[in-house]
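# quick one: sequence plus predicted model below, questions after.
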Amino acid sequence: MKFSLFVLVSCLACQTAGFAETAHAPAKPAEEPGKVVASGTVPDEAARAAILTRLRELYGAQNVVDRLEVGGVVPPPNWSENMVKILTPNLKQVHKGQLQVNGTQIAIKGQVGNEALRQQVVSTLATSLNTTYSIDNGLVAAGGEAQSLLDKTLSNRVVEFESGSATLTPAGRTILDEMAAVIRQIGNPKIQLIGHTDNLGNRQGNVMLSLARADTVRQYLAEKGVPADSLSAVGAGPDQPVAPNDTVEGRAKNRRIEFRLAGQ
């Protein structure tokens, strides 16, 4: 049985269309600028109270409009607890956004102030939920068309390396060829290349590996004509996951290179 949670975020607060059993997408609620509108169907009064209490804590009671209905749906295990977990303060930073939950699949869209916040919002969602949930990150960082073009070109793909090393795979080089072309297209701006790993093994070793991989990417892009002095390499290790680390798929998503425009 599916549920949908919508969060529509204005510049002042968020408008939340809540939880509904769906065989198709539920209708979008009427917007109330500056208000948090919670609507849909929840399984019981306890779930309704928990969700509304959390929203009021985040946005203030005067900013929350309750349109939730109770009954007639059977939730997945621990559904109410998980829905409260995803209502984090970071969501207040998402503007003109939408958060949709269908069963254990979460899709988030909207605008955030910078690329660091884009990563942080999704990382917070990933670490607060168990491995049965998956997250589709559709957030867009502000900062003009350049960052959006970088994000679109990478398109949630991962620059691959050989296991446990900083040696690029053929697939990884192919992605970097595309990224080099786009970086030259947007005028060779200053870009921070941030390496990330999963959490397997020694943390310090992972930090060093992530830095080595970011530096490999820097050198490769320089060989493709991107000015080396416009690129910097950083190793974040396992500290900023975008997916749970207790599945093979989640760890693969966390082993990534992030391309961030300077100042984003």
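In hand now; what should we look at?

# switch to C-alpha atoms for all contacts and neighbour counts from now on
Fine.

# what is the mean pLDDT for stretch 209-226?
Confidence over stretch 209-226 (mean pLDDT, whole number) is 97.

# return the distance of that stretch from the chain's centre.
Relative to its chain's centre, stretch 209-226 lies at 24 Å (C-alpha atoms, centre = their mean, to the nearest Å).

# before we move on, what about stretch 48-68?
23 Å.

# just checking, what packs against the helix or strand harbouring R251?
Taking DSSP states H and E as the definition, one finds R251 inside helix 248-254. The helices and strands touching helix 248-254, judged by 3 or more C-alpha pairs under 8 Å, 6 or more residues apart in numbering; DSSP states H and E, number zero.

# next secondary structure after it?
strand 256-261.

# pull up the pairing partners for that next one, direction included.
According to DSSP bridges, strand 256-261 forms sheet pairs with strand 191-196 (antiparallel).

# circling back to that earlier point, and the helix holding R251, which residues are buried?
Buried residues in helix 248-254, counted by 16 or more other C-alpha atoms under 10 Å: 250-254.

# measure N137 to A243 for me?
Separation of N137 from A243 (C-alpha to C-alpha, to the nearest Å): 10 Å.

# Q111 reaches Q98, doesn't it?
No - Q111 is beyond contact range of Q98, at 9.7 Å (criterion: C-alpha atoms under 8 Å).

# when these two are compared, which one has more neighbours?
Comparing Q111 with Q98 by other C-alpha atoms under 10 Å, the one with more neighbours is Q98, at 24 against 19.

# need the pLDDT of that one.
75.

# so what's the gap between the helix or strand containing it and the chain middle?
According to DSSP H and E, Q98 maps onto strand 95-102. Strand 95-102 has its C-alpha centroid displaced from the chain centroid by 11 Å (C-alpha atoms, centre = their mean).
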